[in-house]
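Undergrad: Need the 3D shape of this:
(one chain, ligands or ions: 1)
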Amino acid sequence: MVNGVDTSCSGGISDPPTLARAAVTGCGVDMVTRAELTALDALEGLSPVRCFSEWDLLEEAIVGVASGTAIPRESERMIRSTIPAEWHDLFLTKGGEPFPADIVDAAQAELDHLANVLAGIGVVVRRPDRVDWSARGGHTSAMPRDCLLVVGTSVIEAPMVWRSRQNETAAYRGLLADYAERGARWVSAPRTDPRRLESNTGRWAINDAAPAFDAADFIRVGRDIIGQLSHVTNRSGVAWLRNVLGPDYRVSLLDVDDPHAMHIDATVMPLRPGVILVNPTRAPDHVLDRSPLARWERIVVPHPRPPGRVPRYMTSGWINMNVLSVDYERVIVDPRDTDLARRLDRRGFDVTLVPFEHVNAIGGSFHCATLDVRRQGGRESYV
Ligand code: DAV
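TA: Numbers count the residues shown, from 1 in each chain. Predicted coordinates for the structure are as follows:
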């Protein structure tokens, strides 16, 4: 697959959408000539947003900003469904207030360090605006992965069913406008009043009255987008995404075993074609055996990270597997997760250790706190 821009081919293309569809409808890739595929790739190569996997060489990424992070104020059912039990009272009584300043400041320093590490290995790093989210009834600019979904040359603003998160992409508006001006496809999913989506019965804290999803409930595996239903993602949201992505992509759902499900990136994490990092309790063998990833080799995360000095207000110990791949080999891991780092090292990965405990405290780790804007590689079928 050609990654660069082949201008000699792009001039000859008059109808790229038809060509794109021809690549997957019915008969599959065999019906498309090599010249057509090269031309399609060249067109996509013009966009500053271009990402088909979680592992191809990372060229540009957004790294979140912790300053201004507030405790989200959500319905009692949503808090009890998604937040660790020991912090329910804090969230139910202090929702809307800023997170403790010492945690936020330390998280900001860790994010700045990650930005420097990435820039040091040649990644173009962009940052969102600092926003006083407490003043705006919001939550954070630290977790771009949650609210923005990059698939191919599209960047999609997720609907975000948490009321504190519905305006979160405001912090990225300048970046999104810049990407769109330079050729990316900028799409915003319809927002719905969260009260319409509240559910007090059933498995999830939301119903199916309107499309809802968080971007972090999906991961990219070439033509396959793997997702999950959760307390923030419903079937209408998945249908909306399928519709917007069109026939170039196949959106499949993993039937995860996670009563607190919210974001798939501490459940499965593809590391390179054919190899996936797996949370053995949420994605046991029988779940993966029925998925498009059935034939992939599974690297099992040895155990969740035990509690540490810094409170983990919004995540479980499985946040250890929320790693970020720089390419097929290099993967960023927290130094506390020595067993996981050793396991990855033994499997031939080149592990870079970056401390991230305070970022974890406010809701995520390396994968959550970044958004791949551009990686090399194309839209291939890996399953
Ligand atoms: O296991 O706590 C964390 C994902 C955050 N975006 C977990 C899920």
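Undergrad: Is there contact, residue-wise, from stretch 350-364 to the ligand?
TA: Yes - Stretch 350-364 lies within reach of the ligand by C-beta under 6 Å from any ligand atom, at 363-364. Bear in mind the C-beta positions are built from the backbone N, C-alpha and C, glycine included.
Undergrad: Can you get me the start-to-end distance on that stretch?
TA: Here the two ends of stretch 350-364 are set 22 Å apart, with distance taken as C-alpha to C-alpha, to the nearest Å.
Undergrad: just how off-centre is it within its chain?
TA: 15 Å (C-alpha atoms, centre = their mean, to the nearest Å).
Undergrad: What are the buried residues along that stretch?
TA: Across stretch 350-364, burial judged by 16 or more other C-beta atoms under 10 Å covers 351-352, 354, 356-364.
Undergrad: what does stretch 90-99 give?
TA: 91, 95, 98-99.
Undergrad: now it, how far from the centre of its chain.
TA: The answer for stretch 90-99 is 25 Å, by C-alpha atoms, centre = their mean.
Undergrad: Next, the residue nearest to residue 313 when sequence neighbours are not counted: phi, psi?
TA: Leaving aside its chain neighbours, residue 313 sits nearest to residue 87 (5.2 Å; criterion: C-beta to C-beta, 6 or more residues apart in numbering). Here is the backbone geometry of residue 87 (degrees, to the nearest 10): phi -110, psi 10.
Undergrad: out of the buried residues of stretch 350-364, who's nearest the ligand?
TA: Nearest to the ligand out of these is residue 364 (C-beta to the nearest ligand atom; 4.2 Å).
Undergrad: Surely that closest one and residue 147 touch.
TA: No - counting by C-beta atoms under 8 Å, residue 364 stays clear of residue 147, with 11.7 Å between them.
Undergrad: Can you name the residue of the stretch 101-250 of the chain nearest the ligand?
TA: Going by C-beta to the nearest ligand atom, the ligand is nearest to residue 216 of the stretch 101-250 of the chain, at 5.1 Å.
Undergrad: Wasn't that residue part of a strand?
TA: No - counting by DSSP: H, G, I helix; E, B strand; the rest coil, residue 216 falls outside a strand, being helix.
Undergrad: For it, list the residues it contacts.
TA: If a contact means C-beta atoms under 8 Å, 6 or more residues apart in numbering, then residue 216 has 143, 145-146, 263-265, 367-368 as its contacts.
Undergrad: In the chain, where's the longest helix?
TA: helix 101-120 (DSSP state H).
Undergrad: Can you dump the C-alpha atoms of it in CSV for me?
TA: The C-alpha trace of helix 101-120 is given here as CSV (Å, rounded to 0.1, in the frame of the first residue of the first chain):
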residue,chain,number,x,y,z
ALA,A,101,-5.4,21.1,42.0
ASP,A,102,-2.4,19.0,43.0
ILE,A,103,-3.7,16.1,41.0
VAL,A,104,-4.5,18.2,38.0
ASP,A,105,-1.2,20.0,38.1
ALA,A,106,0.8,16.8,38.3
ALA,A,107,-1.4,15.3,35.5
GLN,A,108,-0.6,18.4,33.3
ALA,A,109,3.1,17.8,33.9
GLU,A,110,2.8,14.1,32.9
LEU,A,111,0.9,15.1,29.7
ASP,A,112,3.5,17.7,28.8
HIS,A,113,6.2,15.0,29.3
LEU,A,114,4.4,12.6,27.1
ALA,A,115,4.1,15.3,24.5
ASN,A,116,7.8,15.9,24.7
VAL,A,117,8.5,12.1,24.4
LEU,A,118,6.4,11.9,21.3
ALA,A,119,7.8,15.0,19.7
GLY,A,120,11.3,13.7,20.5
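Undergrad: Tell me how far that helix lies from the chain's centre.
TA: Distance of helix 101-120 from the chain centroid (C-alpha atoms, centre = their mean) equals 19 Å.
Undergrad: And it, what does it pack against?
TA: Applying 3 or more C-beta pairs under 8 Å, 6 or more residues apart in numbering; DSSP states H and E, we find helix 101-120 packed against strand 58-63, strand 124-126, helix 357-361.
Undergrad: coming back round to it: could you tell me what pLDDT the model assigned to the residue of the stretch 101-250 of the chain closest to the ligand?
TA: At residue 216, the pLDDT value in this model is 98.
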